[in-house]
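1. Make a model of this:
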Amino acid sequence: MDFGAELAFWIFAVIGVGAAIAVVAVRNLFRAALWLVLSFFAVAGIYASLSADFLAVAQVLVYMGAISVLIIFGVMLTRNVQRGNPFNRAWPWAFVICASLMGLLIFVFHDTSWVTV
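-> As a prediction, this is how the structure comes out:
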């Protein structure tokens with residue numbers, strides 16, 4: 001992988017992670033759907049930077065083209081979309097569970113002996 005492709009990969013990775021965090025952090029459902037579209041675009045960019053051209057095109061056509069339009073139409077056709085999402089009282093437990101799972105995954109990835117050829 002040359003320097004340009006590696007730089008593009010990391011740029012799209014940061015954009016994708018930022019957009020994914022924005023999907024769950026923003027309170028407006030319509031804006032969350034738009035952040036999801038950006039996240040799909042970042043995944044397509046990651047595929048393109050890894051020379052997986054077919055997957056990048058399929059990502060753009062299927063997810064950005066079809067699934068995103070369906071989600072946005074579903075959001076637009078629901079009532080009370082202007083009010084936003086109600087506050088969820090279970091977010092501390094969800095945070096603890098997600099942080100525990102993240103710690104477990106980091107431990108497993110770090111402790112595994114990866115075989116490289």
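2. Please name the nearest non-neighbouring residue to the residue nearest the centre of the chain.
-> The C-alpha lying nearest the average C-alpha coordinate of the chain belongs to A20 (C-alpha atoms, centre = their mean; 3.8 Å). Among residues not flanking A20 along the chain, S39 sits closest, at 5.0 Å (C-beta to C-beta, 6 or more residues apart in numbering). Glycine gets a C-beta too; all of them are placed from N, C-alpha and C.
3. ok, how many other residues are close to the one you found?
-> Neighbour count of S39, defined by other C-beta atoms under 10 Å: 22.
4. buried ones in the lengthiest helix in the chain?
-> In the chain, assigned by DSSP state H, the helix with the most residues is helix 3-25. Using 16 or more other C-beta atoms under 10 Å as the burial criterion, the residues of helix 3-25 that qualify are A8, F9, F12, I15, G16, A19, A20, A22, V23.
5. of all those, which two lie farthest apart?
-> Between any two of these, the greatest separation by C-beta to C-beta is 22.2 Å, found for A8 and V23.
6. The helix or strand of the chain with the lowest mean pLDDT - contacts with which helices or strands?
-> One helix or strand of the chain scores below all others by mean pLDDT, DSSP states H and E: helix 68-77, with a mean of 83. Applying 3 or more C-beta pairs under 8 Å, 6 or more residues apart in numbering; DSSP states H and E, one finds that helix 68-77 contacts helix 29-49.
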